[in-house]
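Enquirer: Sequence first, then the predicted structure:
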Amino acid sequence: MRILHIAYQQLKRYGKTRVSWAEKMTFGLIKNDHYVKTYSDRDVASNEAPFKIRDLGKKAANKYLLETVESFDPDLIIAGHCDMITNETLAAIKKAAPHRVIVHCNNDPLFVPSNVERIKKRAEVADAIFVSTGRSELSIFEGLGTRVYHMPNPTDPSIETLDNSTKTDLDIDLLFCSNSNDFTERLAMVGRLKEALADDVRFRTFGSFGEDPVWGRDYDRALSQTKMGLNLNRQEGMYWYSSARMAQLAGNGILQFTHESPRFDTLMPEESLVYFANEDDLKSKILEFQHDDAKRRYWASRARTFFHQEMNSKLYAQYIVEAATQTAFSHDYAWARDIHLDGSMR
């Protein structure tokens with residue numbers, strides 16, 4: 001299949017990027033033998049704009065997307081986070097070739113009101129939408145005239161290459177990386193934990209409390225030295241919602257602590273992720289695994305195995321294509337056992 005994937009490629013960051021879920025999707029599509037081209041709307045807008053001022057290049061980004069579609073003639077268009085591209089452009093693409101499938105994939109949280117509106121807007125022109133929050137939270141998008149699916153955050157064996165569940169000589173006991181303070185109060189709890197655990201746990205908090213953030217190679221190096229990590233979302237409680245941090249930690253064999261309210265216990269195998277109810281519970285469980293390294297390695301290995309076998313980029317991309325084109329699922333996707341091909345719940 002010929003697939004055009006519209007997503008920000010972060011070309012001007014020159015390697016200093018976060019691990020990208022969109023990049024993993026592209027990798028998975030290629031590994032599944034699809035012919036894939038990427039289109040980076042923000043980079044095109046910046047490059048084509050007067051004085052390289054990105055917002056002045058929006059018209060050009062849409063113009064060159066139309067040219068790309070005309071030249072490449074894709075069967076499927078996956079529009080990720082591409083705010084430079086207008087609905088009018090996507091509608092024109094669909095009108096020119098009604099058989100062509102256009103879907104929107106959104107990996108941002110629903111507790112950000114502007115993101116909910118962004119998804120609703122894309123639903124006006126997309127054949128289907130995929131959201132990283134669990135399916136039971138997606139009823140707000142029903143009745144918009146498009147199919148609605150959940151999608152997970154995957155691992156990729158070329159990116160999550162570590163297996164820290166086999167290692168004992170690691171310099172960082174506990175890790176939390178973040179540079180985002182919008183819509184969250186999580187750093188208050190992290191600060192209290194850092195103080196309370198100071199005598200027992202080597203706790204690094206890159207991006208907070210005076211520690212510089214780490215990117216690219218430096219982020220990989222931090223992960224390579226880490227036993228355990230905090231998977232703290234900016235807000236908790238949305239079913240099966242997590243940042244991509246969950247896949248990054250699990251895929252590298254790093255034991256993670258995550259809040260019980262998103263109910264990942266209904267998706268993940270037992271003894272893989274450590275769920276906590278509140279701050280005291282989290283502190284207690286951190287110390288429990290800190291003082292039982294065999295248990296830490298066993299649980300981390302189970303999470304790593306599950307992600308690499310059942311939540312990898314090939315299955316992730318295969319699921320997106322099959323759901324988008326309403327092709328019978330070729331795998332018993334762990335995250336889609338309650339979803340019909342039409343997007344409805346079983």
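Expert: Yep, that arrived.
Enquirer: So residue 66 belongs to a strand, correct?
Expert: No: the assignment for residue 66, made by DSSP: H, G, I helix; E, B strand; the rest coil, is helix rather than a strand.
Enquirer: Verify the contact between it and residue 91 for me.
Expert: No: counting by C-beta atoms under 8 Å, no contact exists between residue 66 and residue 91, whose distance comes to 11.5 Å. To be clear about C-beta, it is placed using only N, CA and C from the backbone, and glycine gets the same treatment.
Enquirer: measure the residue of the chain most remote from its centre to residue 342 for me?
Expert: If you look at how far each residue of the chain sits from its centre, by C-alpha atoms, centre = their mean, the farthest one is residue 199, at 33.9 Å. Per C-beta to C-beta, to the nearest Å, residue 199 is found 56 Å from residue 342.
Enquirer: And for residue 237?
Expert: Here residue 237 is placed at a distance of 28 Å from residue 342 (C-beta to C-beta).
Enquirer: How about residue 157?
Expert: 32 Å.
Enquirer: Kindly report the same for residue 194.
Expert: Distance from residue 194 to residue 342, counting by C-beta to C-beta: 48 Å.
Enquirer: More neighbours: which of those two?
Expert: The residue with more neighbours, out of residue 194 and residue 342, is residue 194; 18 against 11, by other C-beta atoms under 10 Å.
Enquirer: What helices and strands are in contact with the host helix or strand of residue 320?
Expert: Residue 320 belongs to helix 313-325 when assigned by DSSP states H and E. Taking 3 or more C-beta pairs under 8 Å, 6 or more residues apart in numbering; DSSP states H and E as the contact definition, the neighbouring helices and strands of helix 313-325 are helix 21-31, strand 76-79, strand 101-106, strand 128-131.
Enquirer: For it, what does the pLDDT average out to?
Expert: Averaging pLDDT along helix 313-325 gives 98.
Enquirer: tell me the angle that helix makes with strand 101-106.
Expert: 130 degrees (axes from the mean of the first three to the mean of the last three C-alpha atoms, to 10 degrees).
Enquirer: Could the C-alpha coordinates of whichever helix or strand residue 229 is part of be exported in PDB?
Expert: Assigning secondary structure by DSSP H and E places residue 229 in strand 226-231. The C-alpha trace of strand 226-231 is given here as PDB (Å, rounded to 0.1, in the frame of the first residue of the first chain):
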ATOM      1  CA  THR A 226      18.300   3.500  35.200                       C
ATOM      2  CA  LYS A 227      16.700   0.800  37.300                       C
ATOM      3  CA  MET A 228      13.300   2.300  37.900                       C
ATOM      4  CA  GLY A 229      11.200   5.200  36.600                       C
ATOM      5  CA  LEU A 230       8.200   7.200  37.500                       C
ATOM      6  CA  ASN A 231       5.500   7.200  34.800                       C
END
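Enquirer: How are the helices of the stretch 151-300 of the chain distributed by residue range?
Expert: For the stretch 151-300 of the chain, the helices identified by DSSP state H, counting those that start in this stretch occupy 186-196, 216-224, 245-251, 279-290, 293-310, in order along the chain.
Enquirer: closest to residue 305 out of the helices and strands packed on helix 313-325?
Expert: Closest to residue 305 of the helices and strands packed on helix 313-325 is helix 21-31 (C-beta to C-beta; 18.2 Å).
Enquirer: Check the offset of the closest one from the chain's centre.
Expert: Distance of helix 21-31 from its chain centroid, counting by C-alpha atoms, centre = their mean, to the nearest Å, is 12 Å.
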